[in-house]
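Peer 1: With the sequence up front, the predicted model follows.
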Amino acid sequence: MRGKVSYDRVPTGERRSSNVGDDDDDDVEGSAATALPPPPSGGYPPPPPPSRATRGVAALCSVALFSAAAAAGSRLLRNDRLSSAARCYDDAFDAAYDGAYAASSSVGWPPAPAPGRGNATEDGLLPWPAHIHPTTDYKFYYPVDPGGVDHVWPRVAWVMSFPNSGTSYTMRLVQRASNRTGGSNYGKECDVDPATGLNYPIYDDSPSGPFLSHVKPGKKESMEAPSRYVPVKTHCGGYTTESTPDKYALTVRAFQEKCLTGNIVKPERDPKTGKIVSARGKPNSMVDKEVTLYDANLVQRAVHIIRDPFDNIVSRFHLEQHAHDKRGDAEWTSKYPSSPDGFQNWCRDLDGRYKHDEEKSRFVDGPLLAQFHKVPCHAEFHRYSQWHNLAVAVTRRMRLPVHVLHYENYESDFTGTYNDLFLFLELPREGEVPEFIAGKKYEDYFSPEQRREGIELVRMVSEPETWELLGRYDRYD
């Protein structure tokens, strides 16, 4: 049994998505569980969408700001973040949506809080009970899946992370400890049907993904799909090291599209035996893939993984170093050895490579550019902070229940972190828990002054809601 089902799509007016390109699958690396109180019979109704008029106002806002900017020659920046024209459209649309959301209270929306959920806030959000996510920094969550209780099962729960944040261990944990397969946007990481050579989609009528990881019949590691939530890996977009600010500074809508984008492996046969071969373990350049995009309505929850920015960025350097070593690129590995000096050399060259692009970018203002000069690998810190800004914004836009998982909590409170994650995903505990081996601490890769300036750069870029999640790493006063 693979747990595949037919998916009945929600009417298009009830959820929103966008249209933009793709990112590759550059991969990386307690207390007793308490049952959630049951939702009311029939579930909660979705909020009505904004009217055509309010959406028009949002679009006009964007056009007016863009025209004014062109006339005045202004960059129209909001700090170092997205352009005001794009932000205006997103913010106006959400304001219109929230206005419709609040105005509809007379017809039964927002729903009354479930037992133990506390009181709704003025904007209609409900806080999670403290016992469910004791280690989480988010203040409020949407406690009910946007599709309601009548939505199809199983449901997709994104496991979203900036690469090298601990995704690999998290996916290994949820699969092995539950004895259920997870999923991924990226077909290269998943099993293929030996008869067709295609990946196994979670839903029969969504062949573009997401895909189940370990379902190949007859294989030792084959697993059934979860009956409730399938954890699905996505790195979204805006994380590529070799890119300028104009490439990685995405709008909220573009980032959401990236989160829904992946690839499917095209059938490949062994020339000698004629049998279908797996793409697992092969370099991306040797795998024939097709870009895919699936429906946003499939996604009903999200796990947002966060790692210390300094460890995260050094880990990304080591991944790059490993890739060049695997290709036999002795020139690269000798220039950038796996050491503090090699890392600093890598940062220095990256910082110089895109200096001109950063100076003329509409996404980098004067104060941010000045801060860039104080931080090695400053674009990596910029990408990291922007990525988490967008992850917070997209999950809020999609009104998803979200569980924040700080990678370091595996080491400081493994039992609690494990329990919270499995409770949120409603996974059974029928397998063996894989050992967690703490990642390295790269204290000697940055000087104390570089760490102070690095975390200040993160603070400058972070939105207030994001800084609530990242501020725990500000330890360098």
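Peer 2: That came in fine, so what should we check first?

Peer 1: which regions of the stretch 251-400 of the chain sit below the pLDDT cut-off?
Peer 2: 269-270, 274-288 (pLDDT under 70).

Peer 1: Helices of that one, residue ranges please.
Peer 2: In the stretch 251-400 of the chain, the segments counted as helices under DSSP state H, counting those that start in this stretch are 252-259, 309-326, 330-335, 340-353, 355-360, 366-372, 378-397.

Peer 1: Using TSV, lay out those together with mean neighbour count and distance to residue 465.
Peer 2: For the C-beta atoms, the positions are set from N, CA and C on the backbone; glycine is no exception. TSV is the format used below for those (neighbours: other C-beta atoms under 10 Å; distance: least, C-beta to C-beta, whole Å):
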stretch	mean neighbour count	distance to residue 465
helix 252-259	23	13
helix 309-326	19	17
helix 330-335	12	39
helix 340-353	16	29
helix 355-360	13	26
helix 366-372	15	19
helix 378-397	24	5
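
Peer 1: Now do the strands in the stretch 151-300 of the chain.
Peer 2: 155-161, 183-184, 211-212, 229-234, 261-265, 289-293, 299-306 (DSSP state E, counting those that start in this stretch).

Peer 1: so how far is residue 446 from the residue nearest to residue 228 when sequence neighbours are not counted?
Peer 2: The shortest distance from residue 228 to any non-neighbouring residue, by C-beta to C-beta, 6 or more residues apart in numbering, is to residue 426 (4.0 Å). Here residue 426 is placed at a distance of 40 Å from residue 446 (C-beta to C-beta, to the nearest Å).

Peer 1: what's the distance between residue 143 and residue 408?
Peer 2: 26 Å.

Peer 1: and if you look at residue 305?
Peer 2: 11 Å.

Peer 1: circling back to that earlier point, between the helices of the stretch 251-400 of the chain, which one is nearest to residue 477?
Peer 2: helix 309-326 (15.5 Å; C-beta to C-beta).

Peer 1: Can you work out which other helices and strands pack against that closest one?
Peer 2: helix 330-335, helix 340-353, helix 378-397, helix 448-461 (3 or more C-beta pairs under 8 Å, 6 or more residues apart in numbering; DSSP states H and E).

Peer 1: Residue 433: which of the ones you listed is closest?
Peer 2: Closest among these, using C-beta to C-beta: helix 378-397, at 26.6 Å.

Peer 1: on that earlier part again, what's the closest of the strands of the stretch 151-300 of the chain to residue 362?
Peer 2: strand 261-265 (24.5 Å).

Peer 1: quick check: angle from that closest one to strand 289-293?
Peer 2: Angle of strand 261-265 versus strand 289-293, following axes from the mean of the first three to the mean of the last three C-alpha atoms, to 10 degrees, is 140 degrees.

Peer 1: Strand 229-234 and strand 261-265, what's the angle between them?
Peer 2: 90 degrees.

Peer 1: let's number from 47 now, not from 1
Peer 2: In the new numbering, first residue 47, that becomes strand 307-311.

Peer 1: Which of residue 472 and residue 492 has more residues huddled nearby?
Peer 2: A count of neighbours by other C-beta atoms under 10 Å puts residue 492 above the other of residue 472 and residue 492, at 23 against 18.

Peer 1: Now do the contacts for the more buried one.
Peer 2: 356, 422, 500 (C-beta atoms under 8 Å, 6 or more residues apart in numbering).

Peer 1: Swap in 6 Å and give it another go.
Peer 2: residue 356 (C-beta atoms under 6 Å, 6 or more residues apart in numbering).

Peer 1: got it, and residue 223?
Peer 2: 477, 479.

Peer 1: switch to 7 Å and redo it
Peer 2: Contacts for residue 223 were tallied using C-beta atoms under 7 Å, 6 or more residues apart in numbering; they are 475, 477-479.

Peer 1: about what we covered before: of the strands of the stretch 197-346 of the chain, which approaches residue 361 most closely?
Peer 2: strand 201-207 (11.7 Å).

Peer 1: re the thing from before, wouldn't the residue nearest to residue 274 be in contact with residue 277 here?
Peer 2: No: look at residue 472 against residue 277 with C-beta atoms under 7 Å: they stay out of range, at 10.8 Å.

Peer 1: Provide the partner residues of residue 270 in its beta bridges.
Peer 2: residue 226 (DSSP bridges).

Peer 1: burial of it, as a residue count?
Peer 2: 15.

Peer 1: What distance do you get for residue 408 to residue 227?
Peer 2: Distance from residue 408 to residue 227, by C-beta to C-beta: 43 Å.

Peer 1: With neighbour numbers in mind, choose between these two.
Peer 2: residue 227 (27 against 15).

Peer 1: what's near enough to touch the more buried one?
Peer 2: 221, 258-261, 269-271.

Peer 1: Would you list the buried entries among those residues?
Peer 2: 221, 258-261, 269, 271 (16 or more other C-beta atoms under 10 Å).

Peer 1: Just name the closest of these to residue 336, please.
Peer 2: Using C-beta to C-beta, the buried ones among the contacts of residue 227 come closest to residue 336 at residue 258, 17.7 Å.

Peer 1: mind listing what residue 202 touches?
Peer 2: So residue 202 contacts 248, 256, 276, 278, 344-346 (C-beta under 7 Å, 6+ apart).
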